[in-house]
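Engineer: I would like the atomic coordinates for the input below:
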Amino acid sequence: MRSRVILWTVTTGFTDGRQESRRAARPRRRRHTRPSEPWNEPPSRRVRNRVENQRDRDFSLRAAPVGGKDALLTIPATTRPALCCADEYQMSRPRVVIVSFDEAQILDVTGPLEVFSRACRFLPSAGYRTDVVTTTGGPVLASCGLEFTSTSIADVDAPIDTLVIAGGAEMKATAADQELLRHVRRLADKARRVTSVCSGAFVLAAAGLLQGRRATTHWAECGLLQDTYPDVLVEPDAIYIQDGNVWTSAGVTAGIDLALALVAEDHGHQVAASVARHLVVYLQRSGGQAQFSSLLAAQGTDTQPVRDLLSWIRDHLEDDLSVPALARQINLSERHFTRVFKAELGMTAADHVETVRLESACRLLETTGSSIEQIARTCGFGTPETMNRTFRRRLNTTPGEHRHHFRTS
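Structural biologist: Predicted coordinates for the structure are as follows:
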């Protein structure tokens with residue numbers, strides 16, 4: 001006798017997608033329902049009940065023979081597909097816990113949150129589950145005046161996937177919060193990754209998690225971090241640093257760079273690049289954070305000739321940008337120019353030119369198909385060998401390796 005198999009939603013939770021199956025699954029034959037699974041229960045509860053009741057049992061499919069009575073097909077538990085309820089799925093998702101506090105920098109919290117959220121949109125299987133926690137839980141006031149909610153860090157059970165410590169304005173008090181430090185150590189002990197954004201590195205250092213490790217923080221706080229915790233190897237020019245399973249990042253928006261790097265480590269360059277494009281940020285910024293502190297400071301310089309010179313430099317990277325040539329450009333003596341430039345920008349003219357050339361080379365390597373020889377000439381390095389030495393000294397990599405890792409198209 002020829003039969004057609006209909007998967008009953010009440011029994012298995014599956015459907016073959018045909019209209020006939022959907023009609024057969026309607027609650028017309030109440031004798032097939034169980035009291036523990038009324039039809040008006042939420043779907044998530046029905047799925048959970050089915051999983052709990054059938055986890056170790058055989059499960060059945062009802063076959064409706066044409067012109068005959070229903071037949072019951074039994075599939076042994078050892079051969080049936082695994083069922084998963086909503087709670088089990090939630091527990092399997094990688095949990096990212098972001099630690100905050102009063103006067104925290106809001107971008108240190110929302111920057112990584114947005115990256116992980118976007119990653120889940122582009123790759124649903126990423127499944128990041130994020131929590132923002134504080135010592136006591138409840139409302140917390142960011143340094144910008146925005147109030148947001150949080151849960152208590154004591155309520156977070158280890159193990160977790162990634163621990164993120166935000167930075168902020170009141171790091172001295174936060175780093176002295178023994179209750180917070182105790183829970184940070186507890187979660188870090190069983191976390192796959194431990195990270196900090198901006199001055200959140202002070203909390204990791206106070207918890208003893210940066211001892212003997214390389215680390216970074218906001219450029220303006222690097223000296224204080226080194227003086228306060230001399231056993232930490234502070235690198236002031238890095239955007240972010242990975243030392244084992246501990247990651248630290250520079251200030252504020254560098255938390256986005258850090259989170260993108262974590263997504264790339266988990267799910268590959270393409271997913272991270274898609275997230276970066278939609279957030280309108282670079283997947284990997286060129287150079288270190290020193291360039292941002294100096295270039296941003298340059299925008300606010302009081303000397304108009306210096307401001308004009310900085311714009312001119314970026315448009316003439318192939319020209320002679322030596323100190324004598326730059327001094328002539330703004331009609332100053334070399335000695336006077338050197339003194340004014342260092343006072344205005346906090347760095348020498350040679351360092352600034354090299355930083356701008358390096359940044360331009362990185363951008364061309366990431367976004368164009370130009371050869372390394374062409375890029376070296378365009379950016380003013382002259383030869384590939386000179387550009388290669390600069391990359392090794394400043395970025396600890398080569399132009400070819402940089403293109404391989406950070407090419408966006």
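Engineer: What segments of the stretch 201-350 of the chain are strands?
Structural biologist: 214-215, 233-234, 240-243, 246-249 (DSSP state E, counting those that start in this stretch).
Engineer: tally of neighbours for G369?
Structural biologist: Neighbour count for G369, taken as other CB atoms under 10 Å: 10. Using the backbone N, CA and C atoms, a C-beta is placed for each residue, glycine as well.
Engineer: Got phi/psi on it?
Structural biologist: phi -100, psi 10 (degrees, to the nearest 10).
Engineer: Which residues are in contact with the closest residue to A350 other than its chain neighbours?
Structural biologist: Once flanking residues are discounted, A350 sits nearest to V323: 6.8 Å by CB to CB, 6 or more residues apart in numbering. With contacts defined as CB atoms under 8 Å, 6 or more residues apart in numbering, V323 is in contact with 334, 337-338, 349-350.
Engineer: In helices, which of those residues appear?
Structural biologist: Residues of those located in helices (DSSP state H): 334, 337-338, 349-350.
Engineer: Quick one: those residues as a markdown table, columns for distance to T398, pLDDT and neighbour count too.
Structural biologist: Shown next, in a markdown table, are those (distance: CB to CB, whole Å; pLDDT from 0 to 100; neighbours: other CB atoms under 10 Å):
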| residue | distance to T398 | pLDDT | neighbour count |
| --- | --- | --- | --- |
| E334 | 34 | 94 | 15 |
| F337 | 33 | 94 | 22 |
| T338 | 32 | 94 | 17 |
| A349 | 26 | 93 | 23 |
| A350 | 22 | 93 | 14 |
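Engineer: Flag every buried residue along whichever strand or helix holds C362.
Structural biologist: For C362, the host element (DSSP states H and E) is helix 349-367. Within helix 349-367, the residues scored as buried using 16 or more other CB atoms under 10 Å are 349, 351-366.
Engineer: just stretch 305-313 next, same as before
Structural biologist: Result for stretch 305-313 [16+ other CB under 10 Å]: buried residues 306, 309-310, 313.
Engineer: do you know how far the residue nearest to A350 is from C379?
Structural biologist: As judged by CB to CB, to the nearest Å, V323 and C379 stand 19 Å apart.
Engineer: Output the below-cut-off pLDDT ranges for the stretch 1-150 of the chain.
Structural biologist: 1-91 (pLDDT under 70).
Engineer: hmm, back to that, closest to R129 out of the contacts of V323?
Structural biologist: A350 (48.5 Å; CB to CB).
Engineer: N331: neighbouring residues, count only.
Structural biologist: N331, neighbours per other CB under 10 Å, totals 9.
Engineer: confidence score at V252?
Structural biologist: What the model reports for V252 is a pLDDT of 82.
Engineer: Identify the residues contacting it.
Structural biologist: Counting by CB under 8 Å, 6+ apart, V252 touches 105, 107-108, 111, 167, 197-198, 218.
Engineer: and if you look at T134?
Structural biologist: So T134 contacts 99-102, 140, 150-153 (CB under 8 Å, 6+ apart).
Engineer: one more time with 6 Å
Structural biologist: 100-101, 140, 150 (CB atoms under 6 Å, 6 or more residues apart in numbering).
Engineer: Now the residue nearest to it when sequence neighbours are not counted. Its backbone dihedrals?
Structural biologist: Computed as CB to CB, 6+ apart, the closest residue to T134 that is not its neighbour in sequence is S150, at 4.3 Å. According to degrees, to the nearest 10, the main-chain angles of S150 amount to phi -150, psi 160.
Engineer: okay, now S150: neighbour count?
Structural biologist: 21.
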